[in-house]
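Undergrad: Model the structure of this input:
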Amino acid sequence: MRLGTASGLCVGWLLLGSFAGCARTQPQDEVSADAGLDAMGDGALGDGGDAGPTKVSCPPALDACEVSDAQLSLAFEPPPTVELLQARNGRFLGTDRASGEIVIYEIGHTPVAGKLPEVAESFRLPVSYTRAQLGAEGILACGATGCAFVTRDGALPVPGSLGATAVSGRCVGGNGISCFDATGGLSSLVPAASLPSPVTAFALLPPEGVALASSADGKLQLLRSGGTRLPFQAAVTEPLASLDAIPGWAASRTWAGRTRSGFLAVGDENGGTRCDARADDVQLLDYSGVPLRFLSGDQLVFAPLQAAYAYRGCRTLKVPPGTLGHTLAQCSLGGATVVFDAHHIYATLITCPVG
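TA: Residues are numbered from 1 along each chain as shown. Next up is the predicted model:
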């Protein structure tokens with residue numbers, strides 16, 4: 001189920017620990033559920049012609065954002081030998097220098113309102129894997145003998161010829177982009193010949209079979225399965241270090257990322273731009289009217305992307321020094337904001353309203 005604009009906005013504020021902000025949402029300039037679709041009417045991406053105007057804009061200057069009064073408290077400390085590196089979809093990836101293993105921690109699936117999220121170790125990767133990257137549906141893990149796409153169900157080998165550097169959904173990018181199906185079969189989505197240089201970051205956009213790929217030479221391209229280039233105008237001239245999108249939400253083909261030099265970049269299926277805001281750990285929340293979340297200095301920023309949204313505000317939450325990233329502890333209409341540094345996980349109290 002996808003939430004309408006007003007409900008989605010409330011979710012964004014609830015994750016910051018503030019329910020009162022929902023009551024201030026104004027109904028003016030409301031948009032339909034198809035606001036994020038292109039102008040073709042059926043939601044299909046065309047193969048010819050020029051890209052239309054992007055519906056996505058950069059967030060306002062951060063000093064114009066409302067400051068959240070939510071409080072972050074210590075929720076979890078891993079063993080002192082573990083250094084946390086990444087977070088995504090309620091999971092954390094770290095390295096244990098004592099054992100040499102990559103370890104995965106996970107937020108519990110039954111959050112309790114008014115409590116801090118519970119975090120526990122989920123599993124460890126074999127010591128043969130020396131580097132890893134969290135994706136929304138799996139982990140790209142690599143070592144001296146090659147790479148694999150790892151889930152709870154096991155490891156699927158990634159061909160060495162792919163030169164894997166990035167993961168999105170069940171797809172792996174490098175020299176082209178290839179995807180695993182539900183049975184573990186691997187097929188090419190974008191052949192290497194369709195890209196000017198290896199992929200630095202990519203994201204899957206709806207409909208199925210469309211990828212936005214950033215190459216090492218700085219080119220950002222929208223590609224259909226098989227490598228067909230789609231109309232796309234992006235004022236981004238350097239490689240992206242990360243890209244995030246919402247592939248399951250056909251009404252929103254928005255994307256956001258971080259350039260290698262540390263700036264926020266945003267856009268949709270028509271194109272995009274680099275923003276003035278410095279950004280780390282850029283992510284999108286799939287059912288909120290304020291889907292964009294990124295770290296900027298000592299602040300976690302929550303902001304809308306489409307100018308047509310009724311409530312155009314943004315919020316910032318002050319985070320502890322040394323914060324590296326963030327994720328969510330989710331429940332039906334709320335949850336908690338979670339951030340981490342190398343040795344601590346902090347969170348707001350879980351808010352799960354009824355009704």
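Undergrad: ok, residue 211 - contacts?
TA: 168, 171, 177, 189-190, 202-205, 222-223 (C-beta atoms under 8 Å, 6 or more residues apart in numbering). Backbone N, C-alpha and C define where each C-beta goes, glycine included.
Undergrad: Find the helix or strand that it is a member of.
TA: strand 210-215 (DSSP states H and E).
Undergrad: Tell me the gap between that strand and the middle of its chain.
TA: 15 Å (C-alpha atoms, centre = their mean, to the nearest Å).
Undergrad: Same question for stretch 276-286.
TA: 8 Å.
Undergrad: Which strand residues bridge the residue most central in space within the chain?
TA: With distances taken as C-alpha atoms, centre = their mean, the residue of the chain nearest its centroid is residue 283 (3.2 Å). Per DSSP bridges, the residues bridged to residue 283 are residue 293.
Undergrad: Surely it touches residue 295?
TA: No. Contact criterion C-beta atoms under 8 Å: residue 283 and residue 295 do not qualify, at 9.7 Å.
Undergrad: ok, the residue nearest to residue 158 when sequence neighbours are not counted - how many residues close by?
TA: Nearest residue to residue 158 in three dimensions, chain neighbours excluded: residue 147, at 4.2 Å (C-beta to C-beta, 6 or more residues apart in numbering). Close neighbours of residue 147, defined as other C-beta atoms under 10 Å, add up to 26.
Undergrad: which secondary structure element contains residue 147?
TA: Under the assignment here (DSSP H and E), residue 147 is part of strand 146-151.
Undergrad: Tell me the helices and strands packed up against that strand.
TA: strand 129-134, strand 139-143, strand 154-158 (3 or more C-beta pairs under 8 Å, 6 or more residues apart in numbering; DSSP states H and E).
Undergrad: what ranges of the stretch 101-250 of the chain fall below the confidence cut-off?
TA: Filtered on pLDDT under 70, the stretch 101-250 of the chain yields the residue ranges 247-250.
Undergrad: What ranges does it have for its helices?
TA: Secondary structure of the stretch 101-250 of the chain (DSSP state H, counting those that start in this stretch): no helices present.
Undergrad: quick revisit: okay, among the contacts of residue 211, which ones form the most distant pair?
TA: Farthest pair in the contacts of residue 211 (C-beta to C-beta) is 171 and 222. Separation: 15.0 Å.
Undergrad: Pretty sure residue 256 sits in a helix.
TA: No. Counting by DSSP: H, G, I helix; E, B strand; the rest coil, residue 256 falls outside a helix, being strand.
Undergrad: Just list the residues touching it, thanks.
TA: 243-245, 264-267, 282-284, 292, 294, 305.
Undergrad: one step back: please put the alpha-carbon coordinates of the strand holding residue 147 into CSV.
TA: What follows is strand 146-151, C-alpha atoms only, in CSV (Å, rounded to 0.1, in the frame of the first residue of the first chain):
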residue,chain,number,x,y,z
GLY,A,146,36.0,-12.9,-6.4
CYS,A,147,32.7,-11.4,-5.5
ALA,A,148,29.3,-12.7,-4.5
PHE,A,149,25.8,-11.3,-4.0
VAL,A,150,25.0,-12.4,-0.4
THR,A,151,21.6,-12.8,1.3
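Undergrad: Residue 175 reaches residue 193, doesn't it?
TA: No. Applying C-beta under 8 Å as the test, residue 175 and residue 193 come out as separate, 9.5 Å apart.
Undergrad: Compare neighbour counts for these two and give me the winner.
TA: residue 175 (19 against 9).
Undergrad: Residue 219 is in contact with residue 199, isn't it?
TA: No. Using C-beta under 8 Å, residue 219 is not in contact with residue 199, being 10.5 Å away.
Undergrad: Counting neighbours, go ahead and name the busier of the two.
TA: Shown here are residue 219 and residue 199; by other C-beta under 10 Å, residue 199 has more neighbours (28 against 15).
Undergrad: Apart from its neighbours in sequence, what residue is nearest that one?
TA: residue 173 (3.7 Å).
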